[in-house]
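> Could you look at this predicted model? Sequence included:
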Amino acid sequence: MRLICVYRALAAGAFFFLLRSALAADSPVAIVVLKEHGVGNQALAQPYLDRMVALAAKQNGWPGANGKYFTSRSVADAFIKSARPHYGILSLPAFLAMREPYHLDVIGKVAVSLAGGRRYYLISKTADDLKGCKGKTLATDHADDPRFIDRVVFDGQAALADFTLVQTQRPLQTIKELLTDKVQCALIDDAQKDQLDHLEDKDGARTVWQSAELPPMPVVAFSVAPAAEREKFKHNLDAVCNDEGKSACAEVGIDDLTGADDDEYAAIVKAYGK
């Protein structure tokens, strides 16, 4: 009798496991897009992301897809905890911070318009180099992740603590702080530098230091993504922004998607540290 009970318990366990697997297989695949410090409006971008992920679902044979676009890491983190997405497209600092807690694997990379974050610059009217900015007032809107700035952007050459920091909230505000002589130096990225280059009156503001070029935003797989599913998605990444998906990708600032591996991000992962 006891043996029969054990068999029934095992059979029930197997049934519920198969039921959960079947339900999971019929569930939409969630995708999170986190574009920190980017140019663009979250509400306006969402409908185009919906089109993009619907196309990805069609190409990969998913029952559906649920994509969410964020510009705030904390809000994106709450979505990740509740929705348990299979995939994500993340800004570089967010990827480095979330990589270990969420066991992220790189499966692709993104060519992104106007997102910035590929190279950083110190600009000044009075200083001549990085050393000349140390101890001076420094405006930046990138100070929300000091570890990323200190270890990856400055790569050990400097730290935010070396400056009298003036934290700004908007990209153009950072540049204006320097142009109006409220600070002596400013840390900006390539998107902001493009804005500066198009200003008619720079009033002597110039680049006095620049970082190495950093990798593009990665496409990542979360640990819940099945191995076969992620391999198929990685293989099909090149097709997402082609043909009917081209305009949808463009509207969320994505020029192109292509497959990639963890090796391409190994250097910055090492610099960021554990």
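Good, I have the coordinates. Nothing here was measured: the structure is a model prediction, and the numbers come from that model.
> Could I have the CA atoms of stretch 173-188 written out in CSV?
The C-alpha trace of stretch 173-188 is given here as CSV (Å, rounded to 0.1, in the frame of the first residue of the first chain):
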residue,chain,number,x,y,z
GLN,A,173,22.1,70.5,-19.0
THR,A,174,25.6,69.0,-18.5
ILE,A,175,26.9,70.9,-21.5
LYS,A,176,25.2,74.1,-20.5
GLU,A,177,26.8,74.0,-17.0
LEU,A,178,30.2,74.2,-18.7
LEU,A,179,29.3,76.8,-21.4
THR,A,180,27.9,79.1,-18.7
ASP,A,181,31.0,78.7,-16.6
LYS,A,182,29.2,77.0,-13.6
VAL,A,183,31.8,74.2,-13.8
GLN,A,184,35.3,73.8,-15.1
CYS,A,185,34.9,70.4,-16.7
ALA,A,186,32.2,68.1,-17.9
LEU,A,187,32.0,64.4,-18.6
ILE,A,188,29.8,63.6,-21.6
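> which residues sit against that stretch?
120-127, 133, 136-142, 149, 153, 163, 166, 168, 171, 192, 195-196, 199, 201-203, 205, 208 (C-beta atoms under 8 Å, 6 or more residues apart in numbering). (Each C-beta comes from the backbone N, C-alpha and C, glycine too.)
> quick one: average confidence on it?
Average pLDDT, stretch 173-188: 97.
> circling back to that earlier point, now, which of the contacts of stretch 173-188 lie within strands?
120, 121, 122, 123, 124, 137, 138, 139, 140, 166, 208 (DSSP state E).
> Check whether the fifth one really touches residue 205, as I assumed.
Yes - because the distance of 7.1 Å satisfies C-beta atoms under 8 Å, residue 124 is recorded as touching residue 205.
> on that earlier part again, among the ones in strands among the contacts of stretch 173-188, who's most crowded?
Among the ones in strands among the contacts of stretch 173-188, the one with the most neighbours (other C-beta atoms under 10 Å) is residue 138, at 27 neighbours.
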